[in-house]
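Chemist: Whatever this is, show me its structure:
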Amino acid sequence: MGDFAFDLHKAFAIRLGPHPSRLARLRLTALSSELHCVACHRFGQWARRLRMRRRMLGTLAVIVHRLWDRWVSHIDSAHISRNAQIGPGFLVMHQTGIVIGEGVIGANCTVHQNVTIGQGVAGGDNTVPTIGDNVWIGPGAIITGGITVGDGVTISAGTVLSRDVDAGSLVAGNPGRVIAQNYDNSEMLGFRMPPR
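Modeler: Okay, the predicted model is just below:
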C-alpha cells in the first residue's frame, strides 16, 4: 500500500467513521480541499521518482505537479514543499495557511490550519526540523530550525517551537516548552497506522 493509500485510509477513518459507504468515500475524495493538498504533494513525489526513470514522461508529470501546486497554493492558501519528506498517514485537518518547507515528518502526523514548518532564519540558520511519528500539531503552531521532535509529541495551538522535544511530550507556549511528559495523544490523533 502506497503512502497516499494510507493517507486516504486515515482521512476516511477520521472524517467518516469506521465503515464509510463508497459514496461517502468518493464524496470526500472529490470535495476535500485538505485531501487535495496531500494528494498534490504525493503526486509531486511520484513525479520526481518517475522523472529519474523515464525522463520525458517524468518531466511532463513534474510540470503538471507544479501547475497543480500553484493552484493549491493560490486557492487553498497551503504550500507543501516538493522537498518535504512526509510519512504515510498524513492528515491536514484545515488547509488554510499551512506552509511546510523542507524537512522530515514521520508517519501518522496530523496538522491543523496556520501551521508553519520550516527553516530557522535567525543568524543565517538554514536547517530544517525532523518530526517523528504520531505527532499532532495544533492550529497556529510554528516549528523551525534543525530541531528533532520525538514520536508521539503533541504541539498545542499557537506554540512556537525551535528546540528539541522528547518523545511523548505535550508542548505549549512561545517559546515552546514541555508542559507534560508521557502525554498520550492517541485520542487526539484518533487513528493508528495499520502495520505495513
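
Chemist: low pLDDT regions in this protein?
Modeler: Residue ranges of the chain with pLDDT under 70: 1, 121-123, 192-196.

Chemist: So which residue of it lies furthest out from the middle?
Modeler: Met56 (29.4 Å; C-alpha atoms, centre = their mean).

Chemist: secondary structure element for it?
Modeler: Per DSSP states H and E, Met56 falls inside helix 55-76.

Chemist: following that helix, which helix or strand shows up next?
Modeler: Proceeding N to C from helix 55-76, the next assigned helix or strand is strand 78-80, under DSSP H and E.

Chemist: helices or strands up against the helix or strand just after that next one?
Modeler: The helix or strand immediately downstream of strand 78-80 is strand 84-86, counting by DSSP H and E. Packing partners of strand 84-86 (3 or more C-beta pairs under 8 Å, 6 or more residues apart in numbering; DSSP states H and E): strand 103-105. C-beta: built from backbone N, CA, C; applies to glycine.

Chemist: I'd assumed Gly118 was in contact with Val99.
Modeler: Yes. Taking C-beta atoms under 8 Å as the definition, Val99 is a contact partner of Gly118 at 6.6 Å.
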